[in-house]
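In: following is a predicted model, sequence given first.
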Amino acid sequence: MNNEFVRTRIWQEEPELGNEFGTRVARCHGYDVYGEMLGQARWVDMIYLLFRGEAPSTAEADLLETLAVAFANPGPRDLSVHAAMCGGVGGSPSASCLMAALAVGAGELGGGREVFMAMEFWNTCDTDLNTWHSKLNKTPDTKASIWPIPEHPIGFAPHGDIVTTPALQTLECLAKLSPGHRLPWLAENRSSLEKIAGFPLAFSGIAAAALADLGFTPEQGEMLHLLLRLPGAAAHALEQRHHGYKKFPFFKIELNTNQGEDA
Amino acid sequence: MSNADILRQNVDSLKSRMGAFFPGERTIFRGNDLHADLNEIDWIDLYVFGITGRRHSAEQLRLMNALWVFTSYPDARLWNNRVAALAGSARSTGNLGISAALAVSEAHIYGRGNGIQASHFIIDVRRRLDAGDSMADCVRDEMSLHGRIAGYGRPLINADERNAPIMKLAHQLNLDSGVHVTLAHALENFLLDNGRNLRMNYGGLAAAFGADLGFSPQEFYHFMFPAFLAGMQPCFIEARQRPEGTLFPLSTKHILYDGVPERRWPKAKEG
């Protein structure tokens, strides 16, 4: 008899007769995963169910699936995919390529942390431009943290001058699909928000609005953003493993020998 | 003028003063030839030099070494160590398991998340006391900002067996009476005297030693990165030596489900 337990509202298992380590039935939030969902549920249904505890509506599933397509590959120029390719090119294990993509893609520049913070902005500002104005112009939080102090307005692209075409296409497509109110409002008020921020809207800002419209919390949105961007990192890592290091950039170095103490 | 100009200025080239590898010739490490100037350096000295750009005395390095040694626990029940051990049990690789265990050590209630806040706090309290603020003000403001006093209290038990040994060694090295370490003990007494049952934990004491060693919070954060590492390898190795999958096996009886009852999957749910 065991004395330790894993408490969960997500997952229930019934044992095979005579073997408590073998599973006969597994239910996710009450639904029989292998006996009933399999063959009927889409991948995004399962993702939504896991985090939200309920099956998505058709509109919610469509939005999440479209979002997953938009996020699937940030492309080889993206820092997280670059990191995964660094794993691939040297023949590192597949998991280390994904761990590299997760570590780099976790950050405040287009990564999970930025999506988390942008979703907190949505919780505070919703569709009130005045609140967005004060939030985007507020001095960043000074809490002592493992995370750096943000260096650009959250959800916007610090190195862009105008919103990129794919970002705009994504916003327009998601806004039409969304059962929520944030994406349509964002599509309508993008220019005003960009004027307030001083930078064009970034994918992270669109992701945050979409994930908030789907009812996810900032913590859930951060996790999903990390998860949904992995397919591209994986594919590019495998491609570079095949190409080999001789075809992968190594870059030149300009060494400054002037040494000073760092803060 | 474009926001992308800064990207264009950095294309295809790494501008660095930290160092460079010149294949077949030499490697420069913060202005020093690694194989000539630094060929006899201890690893911990090099590690801290890499973080701070500063070299330290033999006594300081012994204290730094002990700060890691005294928190190297080869116990696979600990959450971060368990990751390394589970990797061994699942027959993954040592690097993957231990890298993940180190990543997990960046936790809020212990490890790097606790340490960086503790470092900020002790440095800030010292600065504020010097400026005339009271300890009560500092504690109240820290509770208001962070909702806790990092460095005080402990998740599993409100006492820390590591504090006495590190203080004993620091005393032997004449490094036990720095301003931040003295302040850290005074803070513990203040908290206990004012009804908060929060004893100083090792993270708090290590942060105070770090501040006395001249580490900024960021430097302390990087310094403590390998602090749990030596305890992780044994956890992985032992799990790797046991029959596969036998570390903390969970049966269906271990799952305490408190969610919604069984229900039918909606074939076409419209919303």
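Out: Thanks, I have it. Note that the structure is a prediction, hence the values are computed from the model and not measured.

In: okay, CA-based contacts and neighbour counts for the rest of this
Out: OK.

In: could I get the contacting residues of B:Gly111?
Out: Applying C-alpha atoms under 8 Å, 6 or more residues apart in numbering or on different chains to B:Gly111 gives the contacts B:105, B:203.

In: show the contacting residues for the nearest residue to B:His185 once chain neighbours are set aside.
Out: Nearest non-adjacent residue to B:His185, counting by C-alpha to C-alpha, 6 or more residues apart in numbering or on different chains: B:Met200, 7.6 Å away. Applying C-alpha under 8 Å, 6+ apart, we find B:Met200 in contact with B:151-153, B:159-160, B:184-185, B:188.

In: select only the buried ones of the residues you listed in PyMOL?
Out: Only the buried entries of those go into this PyMOL selection, using 16 or more other C-alpha atoms under 10 Å in any protein chain shown:
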select buried, chain B and resi 151+152+153+159+184+185+188
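
In: which parts of the stretch 151-271 of chain B are helices?
Out: Under the criterion DSSP state H, counting those that start in this stretch, the stretch 151-271 of chain B carries helices at the ranges B:163-172, B:179-193, B:202-212, B:217-223, B:229-241.

In: kindly report the same for the stretch 1-150 of chain B.
Out: Using DSSP H, counting those that start in this stretch, helices in the stretch 1-150 of chain B cover B:5-8, B:43-52, B:58-69, B:79-89, B:94-104, B:111-130, B:135-146.

In: let's have those in CSV, adding distance to A:Phe71 and mean pLDDT.
Out: Shown next, in CSV, are the helices of the stretch 1-150 of chain B (distance: least, C-alpha to C-alpha, whole Å; pLDDT from 0 to 100):
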stretch, distance to A:Phe71, mean pLDDT
helix B:5-8, 23, 94
helix B:43-52, 35, 98
helix B:58-69, 41, 98
helix B:79-89, 29, 97
helix B:94-104, 24, 97
helix B:111-130, 29, 96
helix B:135-146, 33, 95
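
In: just these: most buried one?
Out: helix B:79-89 (a mean of 25; mean count of other C-alpha atoms under 10 Å in any protein chain shown).

In: spell out whether it and chain A are in contact.
Out: No - against chain A, helix B:79-89 shows no contacts by C-alpha under 8 Å from any C-alpha of the partner chain, the least distance being 11.8 Å.

In: which other helices and strands does that helix contact?
Out: Counting by 3 or more C-alpha pairs under 8 Å, 6 or more residues apart in numbering or on different chains; DSSP states H and E, the packing neighbours recorded for helix B:79-89 are helix B:94-104, helix B:229-241.

In: center of chain B, which residue is that?
Out: Among the residues of chain B, the one closest to the centroid is B:Arg112, at 3.4 Å (C-alpha atoms, centre = their mean).

In: so who does the closest residue to that one other than its chain neighbours touch?
Out: Nearest non-adjacent residue to B:Arg112, counting by C-alpha to C-alpha, 6+ apart: B:Glu106, 4.5 Å away. By C-alpha under 8 Å, 6+ apart, the contact set of B:Glu106 is A:146, B:112-113.

In: around chain B, pick out the residues from the stretch 101-250 of chain A.
Out: A:143-146, A:158-161.

In: in strands, which of those residues appear?
Out: In strands, judged by DSSP state E, none of those are found.

In: widest-spaced pair of the residues you listed?
Out: Pairwise distances across those (C-alpha to C-alpha) peak at 31.8 Å, for the pair A:Ala144 and A:Asp161.

In: between those two, which is the more surrounded one?
Out: The neighbour count for A:Ala144 versus A:Asp161, taken as other C-alpha atoms under 10 Å in any protein chain shown, is higher for A:Ala144 (20 against 15).

In: so for that one, what's the pLDDT?
Out: We note a pLDDT of 90 for A:Ala144 in this prediction.

In: A:Ala70 is in contact with A:Leu230, correct?
Out: No - if you go by C-alpha atoms under 8 Å, A:Leu230 and A:Ala70 don't touch, sitting 12.0 Å apart.

In: which one's more surrounded, the two?
Out: Neighbours per residue, other C-alpha under 10 Å: of A:Leu230 and A:Ala70, the larger number sits with A:Leu230, 23 against 20.

In: OK, contacts around the more buried one?
Out: A:Leu230 touches A:72-73, A:98, A:101-102, counting by C-alpha under 8 Å, 6+ apart.

In: just the ones of those in helices?
Out: A:98, A:101-102 (DSSP state H).

In: and which of these is nearest A:Arg24?
Out: Nearest to A:Arg24 among the ones in helices among the contacts of A:Leu230, with distances taken as C-alpha to C-alpha, is A:Leu98, at 31.9 Å.

In: show me the contacts for the closest one.
Out: Per C-alpha under 8 Å, 6+ apart, neighbours of A:Leu98: A:84, A:230, A:233-234.

In: most neighbours out of the residues you listed, which is it?
Out: Most surrounded of the contacts of A:Leu98: other C-alpha under 10 Å gives A:Ala84, at 32 neighbours.

In: separation between that residue and chain B?
Out: 14 Å (C-alpha to the nearest C-alpha, to the nearest Å).

In: now that residue, nearest residue through space, not along the chain?
Out: A:Cys97 (4.3 Å).

In: also A:Leu64?
Out: A:Val44 (6.5 Å).

In: contact partners of the strand or helix carrying the one you found?
Out: When elements are assigned from DSSP states H and E, A:Val44 belongs to helix A:43-52. Here helix A:43-52 makes contact (C-alpha under 8 Å, 6+ apart) with A:10, A:28-29, A:54-56, A:61, A:64-65, A:215-216, A:220.

In: what is the nearest of the residues you listed to A:Lys247?
Out: Distances from A:Lys247 to the contacts of helix A:43-52, taken by C-alpha to C-alpha, are shortest for A:Glu65, at 34.4 Å.

In: could you give the number of residues near the closest one?
Out: 17.

In: B:Tyr73 contacts B:Gln233, doesn't it?
Out: No - B:Tyr73 is not in contact with B:Gln233 according to C-alpha under 8 Å; the separation is 10.1 Å.

In: can you tell me the centre-most residue of chain A?
Out: By C-alpha atoms, centre = their mean, chain A has its centre lying nearest to A:His225, at 1.1 Å.

In: surely that residue is in a strand?
Out: No - using DSSP: H, G, I helix; E, B strand; the rest coil, the assignment for A:His225 is helix, not a strand.
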